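Student: Dropping a prediction and its sequence here:
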Amino acid sequence: MTSQTASLVPVQAEASIGDYFALLKPKVMSLVVFTGFVGMWIAPGLNTLHPFLAAVGILCLALNAGAAGAINMWYDRDIDAVMNRTKERPLPAGRIAPDDALAYGLILSCLSVMVMGLALNWMAAGILAFANVFYVVVYTMWLKRSTPQNIVIGGAAGAFPPMIGWAMVTGDVTLMPLLMFMTIFIWTPPHFWALCLFANEDYKRANIPMMTVVAGNKSTKRQMLAYTLVLFPITLAPFILGYSGWIYGVSAFVLSGLFILSAVRVLGSDDLKPAKMMFGYSVFYLFALFTALMVS
Amino acid sequence: MPHSDLHKKKFKKNLLVLGIVFGLGALIWAITIIRMSS
């Protein structure tokens, strides 16, 4: 189905508030909010930031991520309709009209950037706007349908939140937020490709050139292992450079080590179970790693 | 004010949108007060 025919799918039922909430991709939003919160929490000078303004900043971060998700769903409604994982989303299911979803996403994007700039600073607002445009234009509209490196480059969009959280407090970007950015950036390919391994048929049907579709499972699994190996020293860098304490150092060592082992298990098996387990672990891994950073 | 079926059908959603607009105004007002006092 082309995007033109998908746009002709009639709105079949009245949209609920829940449908508009689903349009914000709440699961992705929770990860964005959490990593953004950690970036803000560990930034020097947090005690000088008014709690209400900090809460407004996190709200803007959440709404902006959600808005980007809504525009992504508007653009991808044709491929969402042919994938089992996404066909029940509000747009392909015909509960929200495409124009409404686009307007909703654009208005929320502009509002969240504007309020972030007014409440915190324009550095944080600028990175927020850049992350939004990167996700929508560079990843969704350009890379996703054109190259198997889509998630590698596009993953940068999801890596910005801790940098934004940091900039909300300090108004600048230094080495520590860059290390957090690199952690999520390098974590994204093995995380997403683990999902692709067991959702491969969906991507094939939708004609999306994911790595598993273009290069095959074996090559993808090798690359997943390579990314987990690169991730290991990056996650240890905050401890080695003295930005965090031993709680984080030990946690990063153990968690990243287990991430490598899960990739080895995936590589050595033809079964889909290790890939499903690795996907689940990758979500836990990022939450646990950033929690350790916050505690440490 | 006319009270057609369309008005009745959209009443709750219109109230919600109105609430969001007022909420945004209140938010920007609160931000301004806090930033001016610090």
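Tutor: Looks like it came in fine.
Student: Quick check: residues of chain B near chain A?
Tutor: B:24, B:27-28, B:30-32, B:34-35, B:38 (CB under 8 Å from any CB of the partner chain). Where C-beta positions appear, they are placed from N, C-alpha and C, glycine not excepted.
Student: so who does A:Asp100 touch?
Tutor: A:Ala15 (CB atoms under 8 Å, 6 or more residues apart in numbering or on different chains).
Student: related to what we said a few turns ago, can the residues of chain B next to chain A go into TSV with extra columns for neighbour count and pLDDT?
Tutor: Output for the residues of chain B next to chain A, formatted as TSV (neighbours: other CB atoms under 10 Å in any protein chain shown; pLDDT from 0 to 100):
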residue	neighbour count	pLDDT
B:Leu24	13	91
B:Leu27	17	93
B:Ile28	15	92
B:Ala30	14	93
B:Ile31	18	93
B:Thr32	12	91
B:Ile34	15	91
B:Arg35	13	90
B:Ser38	9	74
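Student: A:Met114 versus the closest residue to chain A within chain B, what's the distance?
Tutor: Closest to chain A within chain B is B:Ile31: 4.6 Å, counting by CB to the nearest CB. B:Ile31 is 11 Å from A:Met114, where distance means CB to CB, to the nearest Å.
Student: Going along the chain, name the helices of chain B.
Tutor: Using DSSP state H, the helices found in chain B span residues B:5-37.
Student: the residue most distant from the middle of it, which is it?
Tutor: In chain B, counting by CA atoms, centre = their mean, B:Ser38 sits farthest out from the average C-alpha position, at 27.4 Å.
Student: give the contact list for that one.
Tutor: A:His50.
Student: where are the low-confidence patches of the chain?
Tutor: As the question left the chain open, I've gone with chain A. Low-confidence segments of chain A (pLDDT under 70): A:1-13.
Student: Actually, chain B is the one I wanted.
Tutor: When residues are selected by pLDDT under 70, those of chain B lie in B:1-2.
Student: Please name the nearest non-neighbouring residue to A:Ala43.
Tutor: Nearest residue to A:Ala43, sequence neighbours excluded (CB to CB, 6 or more residues apart in numbering or on different chains): A:Val169, at 3.8 Å.
Student: What residue in the stretch 101-250 of chain A comes nearest to chain B?
Tutor: Chain B sits closest to A:Ala119 of the stretch 101-250 of chain A, with a gap of 4.6 Å, by CB to the nearest CB.
Student: ok, that residue - contacts?
Tutor: A:Ala119 is in contact with A:53, A:56-57, A:60, B:31, B:35, counting by CB under 8 Å, 6+ apart.
Student: cutoff 6 Å now
Tutor: A:53, A:56, B:31 (CB atoms under 6 Å, 6 or more residues apart in numbering or on different chains).
Student: Nearest to A:Ala156 among the residues you listed?
Tutor: Nearest to A:Ala156 among these is A:Val56, at 25.2 Å by CB to CB.
Student: picking that back up, relative to A:Ala119, how far out is the residue of chain B closest to chain A?
Tutor: Going from B:Ile31 to A:Ala119 by CB to CB gives 5 Å.
Student: Same question for A:Phe279.
Tutor: 36 Å.
Student: can you give me phi and psi for A:Ala43?
Tutor: phi -70, psi 140 (degrees, to the nearest 10).
Student: how close does it get to chain B?
Tutor: A:Ala43 is 17 Å from chain B, where distance means CB to the nearest CB, to the nearest Å.
Student: Ok, A:Ala252 next?
Tutor: For A:Ala252, the distance to chain B equals 36 Å [CB to the nearest CB].
Student: List the buried residues for stretch A:138-147?
Tutor: Neighbour counts over stretch A:138-147 (16 or more other CB atoms under 10 Å in any protein chain shown) mark A:138-140, A:143-144, A:147 as buried.
Student: Leaving aside the residues adjacent along the chain, what's closest to A:Ala288?
Tutor: A:Leu255 (5.6 Å).
Student: shouldn't the one you found be in contact with A:Tyr285?
Tutor: Yes. Between A:Leu255 and A:Tyr285 there is a contact at 5.4 Å, judged by CB atoms under 6 Å.
Student: who's more crowded, the two?
Tutor: A:Tyr285 (22 against 19; other CB atoms under 10 Å in any protein chain shown).
Student: got a list of what that one touches?
Tutor: Listed by CB under 6 Å, 6+ apart, the contact set of A:Tyr285 reads A:255, A:259.
Student: tell me which element it is part of?
Tutor: Using DSSP states H and E, A:Tyr285 falls within helix A:273-295.
Student: And the helices in the stretch 51-200 of chain A?
Tutor: Under the criterion DSSP state H, counting those that start in this stretch, helices of the stretch 51-200 of chain A are mapped to A:51-75, A:77-80, A:98-119, A:122-133, A:150-154, A:156-159, A:161-170, A:175-198, A:200-205.
Student: Quickly compare the ones you listed and say which is most buried.
Tutor: Among the helices of the stretch 51-200 of chain A, the stretch with the highest mean neighbour count (mean count of other CB atoms under 10 Å in any protein chain shown) is helix A:161-170, at a mean of 28.
Student: ok, and what's touching that one?
Tutor: Here helix A:161-170 has contacts from A:32, A:35-36, A:38-40, A:43, A:45-46, A:49, A:57, A:61, A:120, A:123-124, A:127-128, A:173, A:177, A:180-181, using CB under 6 Å, 6+ apart.
Student: Thank you, goodbye.
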